[in-house]
Each structure stands twice: as C-alpha cells, then as structure tokens.
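In: After the sequence you'll find the predicted model.
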Amino acid sequence: KDKNGDDPVVPIDFRLDQNYPNPFNPSTVIAYHVNKYDDVTLTVYDVRGREIAVLVNAKMRPGNYQVKFTPVNLASGIYFCVLKSGNDVDSKKMIYIR
C-alpha cells in the first residue's frame, strides 16, 4: 500500500512511451513502464547505433517512471531511445532540433 493506503498501480505491460515533446529542444521527457522487478536500462543511440547517453541503469521495481533528457553538444537529428529489461526491449525514435 502507498502512503494514501491505496494499492500501488503495477503496469500490466512493459512499455516505452513516445517522448514528449517530439521534436524537442532543449529537453524532452521519456516515460516508461516496468512490469517486473529486474535490471532496467534506458539508452539513447544515434542513427549509426553509437551510444549517446545511458539515462537509466538500475534494478527497478514494477511501476511507472519518467526521466528528462537534456542533450549536451548533440547535433540535430534522429536518435533512438531503447528500454531493456530482461528479455523485453522497446524503442522509440526521437527528433532533436538545435
């Protein structure tokens, strides 16, 4: 139970939501949902598959989360946000405009 005495909401599915806003400048919010206790990574890659940033790298409980991404010295273009947990993977395309 949470501090209000309610049962916590546990996501049914593992999911990465589309970042908002998209296209973005200077920052964007990325929401994701974890449905089991496991190691979770949330990583941003460029179109060539090079790792740009690791936003999350932790063992996480089931729940709904969000993280703010503010790129530094990043060129305008298309990037991919990839969420991984166990055998589950989800990804979204993001567009950054400087």
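Out: Great, that's in hand. Numbers count the residues shown, from 1 in each chain.
In: got the phi/psi numbers for residue 36?
Out: phi -150, psi 150 (degrees, to the nearest 10).
In: Name the nearest residue to it, ignoring sequence neighbours.
Out: residue 62 (5.9 Å; Cβ to Cβ, 6 or more residues apart in numbering). All C-beta atoms are positioned from the backbone trio N, CA, C, and that covers glycine.
In: how near is that neighbour to residue 12?
Out: Per Cβ to Cβ, to the nearest Å, residue 62 is found 10 Å from residue 12.
In: what is in contact with these two at once?
Out: residue 35 (Cβ atoms under 8 Å, 6 or more residues apart in numbering).
In: Neighbour count: these two, which is higher?
Out: Using other Cβ atoms under 10 Å, the more surrounded residue of residue 62 and residue 12 is residue 62, with 16 against 9.
In: isn't the more buried one right up against residue 32?
Out: No - using Cβ atoms under 8 Å, residue 62 is not in contact with residue 32, being 11.7 Å away.
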